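> here is a sequence with its predicted model. Questions after.
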Amino acid sequence: MTDYVQVSTATETKQQALDLAGPAVQRRLAAGAQIIGPVTSVFWHLGAFGTGEEWQLLLKTTADRYPELEADLLERHPWDNPEVCAIPITAGAEQCLKWIHESVETP
């Protein structure tokens, strides 16, 4: 059951996360999105160790729609090199998976 993925990225502000999520869902690249935050991140970036406060954005989509969603997020993200990762959804309630599929189908 790897036809579905959860995609994550992070932003500096809640508004930036909303600005990424809204169009992605409206364009049917994702069925829905959750914005979680603020969260504390610990990371390496440009050779330096750091910590920071971010807003995490999680989106649900199909594996088929992932390339378009990734391209959209990378194009519109305010950061030069944002983290965009997809994790396979290996199991899920039948109605939830049906909702994801139907939501991202091109009408």
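In hand now; what should we look at?
> C-terminal to the helix or strand hosting Leu58, what's the next element?
Leu58 belongs to strand 48-62 when assigned by DSSP states H and E. Under the assignment DSSP H and E, the closest C-terminal helix or strand after strand 48-62 is helix 66-76.
> mind giving me the packing neighbours of that following helix?
Helix 66-76 sits against strand 4-11, helix 14-26, with contacts defined as 3 or more C-beta pairs under 8 Å, 6 or more residues apart in numbering; DSSP states H and E. (Glycine included, C-beta is placed from N, CA and C.)
> Gln95: which of the ones you listed is closest?
For the helices and strands packed on helix 66-76, proximity to Gln95 was assessed by C-beta to C-beta; strand 4-11 is nearest, at 12.9 Å.
> quick one: contacts of the closest one?
If you take C-beta atoms under 8 Å, 6 or more residues apart in numbering as the criterion, strand 4-11 is touched by 17, 20, 30, 39, 41, 54-63, 66, 69-70, 73, 77-79, 82-89, 92, 97, 100-101.
> strand partners (parallel or antiparallel) of it?
strand 48-62 (antiparallel), strand 85-88 (antiparallel) (DSSP bridges).
> can you tell me how far the closest residue to Cys85 other than its chain neighbours sits from Trp55?
Once flanking residues are discounted, Cys85 sits nearest to Ser8: 5.4 Å by C-beta to C-beta, 6 or more residues apart in numbering. To Trp55, Ser8 is 11 Å away according to C-beta to C-beta, to the nearest Å.
> those two: who's more crowded?
Trp55 (20 against 17; other C-beta atoms under 10 Å).
> quick one, what contacts that one?
Under the criterion of C-beta under 8 Å, 6+ apart, the neighbours of Trp55 are 10-14, 16-17, 35-39.
> likewise for Val104?
Counted by C-beta under 8 Å, 6+ apart, Val104 has contacts 28-31, 61-62, 65.
> with Leu58 instead?
Contacts of Leu58 by C-beta under 8 Å, 6+ apart are 6-8, 33-36.
> find the nearest non-adjacent residue to it, please.
Looking at Leu58 with C-beta to C-beta, 6+ apart, the closest residue is Gln34, at 4.8 Å.
> quick check, that neighbour in a strand?
Yes. Judged by DSSP: H, G, I helix; E, B strand; the rest coil, Gln34 forms part of a strand.
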